[in-house]
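*Asks:* following is a predicted model, sequence given first.
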Amino acid sequence: MDDKKLTPLSEIGEFGLIEDLKKEIHLHHKTTIKGIGDDASVIDLGNENVLLLSSDLLAEGVHFDLSYTPLKHLGYKSVVVNVSDIAAMNALPREITVSIAVSSRFTLEAIRELYEGIRLACEYYKLDLVGGDTTSSKSGLIISISITGYAKKNEIVYRSGAKENNLVCVTGNLGAAYMGLQILEREKSVFVSQPGMQPELSGYEYILKRQLKPEARTDMINEFRNLAIIPTSMIDISDGLASEVLHLAKESNTGIDIYEEKLPVDSMTSAVAQELNIPLTTCALNGGEDYELLFTVDLSAFEMLKNHPEISIIGKVNHFSSGNNLHLRSGQVVPLKAQGWKHF
Ligand code: ADP
Ligand code: MG
């Protein structure tokens, strides 16, 4: 009998699992404008404003390694990843709740360190920490944060709004957090096996900061308002540019072309990629955790964006029938593929 066949999660992956769970979820309230499927859900407040709600969970051994992640940085970053999802909707965050599962190997002082990072992020992003939950864990530290955001209904940007001939843009630069992680992994043996020895981290400050203490691009949300730009679609880059381009294309029912020569990369990222013999484009396309914003915008914004120091135009939206492509420096055009982060 076929119905006895069980499906390993590795067969369907994280996105396949979410798709499957989503099928059985039915909404009860007209006020839920957007449920599962974007960076945050959108809830009607009955006036011109909407409430956004999102959550992210970080698990020790999966998302972070405490042998080289200071708890204060971890606390800060766990807030930032949530803020980034609110920014991805073209909104600004306001409240968070923080839930932790802690094993007995942690001390009060350690958890205070974690909360010091959370507190600093709340200062920086002007967030109110309004609650949470605390429990014990048998297998390491787990941090789950939920966040709210507010915006005017007509300012909200979804993953699904990209239109043919739109520009494809990205903020900041790509691949730096991934290169920072490679350096930390390389030096890990020193942290772990030789207490008191200093790992060789000097000279790598920028990429280490991008990995350990990233910032969410709420500054760009304010910049969009200054420039009177509303992107047609947007997503934050947590799983790597390629993966997020494919999300925007799929949700918008379009194709997207990306140009290798336009991908913004910091000079330290390229130097370290060379040092570690990692292809730079692979790193820019698939390195995760940059927390930059990928967005599409009407062609009319070209003049405003073409020389913007924090925004790069990296591609173009096409008809879905042309697929998703990467134009290599050599002139060759190849299908855009995501390596992404596989959790199963
Ligand atoms: P992000 O990387 O922006 O945090 P995810 O890829 O984690 O987004 O999630 C994609 C969408 O699926 C989001 O709308 C999220 O709220 C939803 N989602 C993720 N996990 C679950 C779950 N276990 N149950 C219901 N919805 C989920
Ligand atoms: Mg997101």
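*Replies:* The structure has been received and is ready for your questions. Residues are numbered from 1 along each chain as shown. Ligands and ions are numbered 1, 2, ... in the order given.
*Asks:* where do the strands sit along the stretch 1-150 of the chain?
*Replies:* 32-34, 41-44, 49-59, 92-102, 128-136, 142-152 (DSSP state E, counting those that start in this stretch).
*Asks:* pull the residues that contact the first one.
*Replies:* What that stands for is strand 32-34. Outside strand 32-34, the residues that touch it by C-beta atoms under 8 Å, 6 or more residues apart in numbering are 41-44, 50, 153, 158. C-beta coordinates here come from the backbone N, C-alpha and C atoms, glycine included.
*Asks:* same thing but 10 Å
*Replies:* Residues outside strand 32-34 that contact it (C-beta atoms under 10 Å, 6 or more residues apart in numbering): 27, 40-44, 50-53, 89, 153, 156, 158-160.
*Asks:* that older thread, nearest to residue 308, of the strands of the stretch 1-150 of the chain?
*Replies:* Nearest to residue 308, of all the strands of the stretch 1-150 of the chain, is strand 92-102, at 20.3 Å by C-beta to C-beta.
*Asks:* which parts of that closest one are buried?
*Replies:* Within strand 92-102, the residues that qualify as buried by neighbour count (16 or more other C-beta atoms under 10 Å) are 92-96, 98-102.
*Asks:* identify, from the residues you listed, the entry nearest to residue 118.
*Replies:* Checking the buried residues of strand 92-102 against residue 118 with C-beta to C-beta, the nearest one is residue 98 at 6.1 Å.
*Asks:* return the residues of the stretch 1-150 of the chain in contact with ligand 1.
*Replies:* Taking C-beta under 6 Å from any ligand atom as the contact definition, the stretch 1-150 of the chain meets ligand 1 at 18, 21, 36-39, 56, 85.
*Asks:* can you name the residue of the stretch 201-344 of the chain nearest ligand 1?
*Replies:* residue 238 (4.8 Å; C-beta to the nearest ligand atom).
*Asks:* how many residues are close by that residue?
*Replies:* By other C-beta atoms under 10 Å, 22 other residues sit near residue 238.
*Asks:* tell me if I am right that it is in a helix.
*Replies:* No. Counting by DSSP: H, G, I helix; E, B strand; the rest coil, residue 238 is not part of a helix but coil.
*Asks:* just checking, it touches residue 291?
*Replies:* Yes. Residue 238 sits in contact with residue 291 when judged by C-beta atoms under 10 Å, with a separation of 6.6 Å.
*Asks:* shared neighbours, the two?
*Replies:* Common neighbours of residue 238 and residue 291, counting by C-beta under 10 Å, 6+ apart, are 81, 84-85, 88, 177, 214.
*Asks:* closest to residue 12 among the buried residues of strand 92-102?
*Replies:* Checking the buried residues of strand 92-102 against residue 12 with C-beta to C-beta, the nearest one is residue 101 at 26.0 Å.
*Asks:* so the closest one makes contact with residue 139?
*Replies:* Yes. When contacts are counted by C-beta under 10 Å, residue 101 is listed as touching residue 139 (8.9 Å).
*Asks:* any shared contact partners between those two?
*Replies:* Between them, residue 101 and residue 139 have 59-60 as joint contacts when contacts are counted by C-beta under 10 Å, 6+ apart.
*Asks:* contacting residues around residue 50?
*Replies:* Going by C-beta under 10 Å, 6+ apart, residue 50 touches 31, 33-34, 41-44, 89, 91, 149-156.
*Asks:* next one: it from ligand 2, what distance?
*Replies:* 17 Å (C-beta to the ion, to the nearest Å).
*Asks:* any idea what that residue is bridged to?
*Replies:* Counting by DSSP bridges, residue 50 is bridged to residue 44, residue 151.
*Asks:* list the contacts of the spatially most central residue of the chain.
*Replies:* With the centre of the chain defined as its mean C-alpha position, the nearest residue by C-alpha atoms, centre = their mean is residue 238, 2.4 Å away. Residues in contact with residue 238, defined by C-beta under 10 Å, 6+ apart, are 39, 56, 81, 84-85, 88, 177, 214, 244, 288-292, 340-341.
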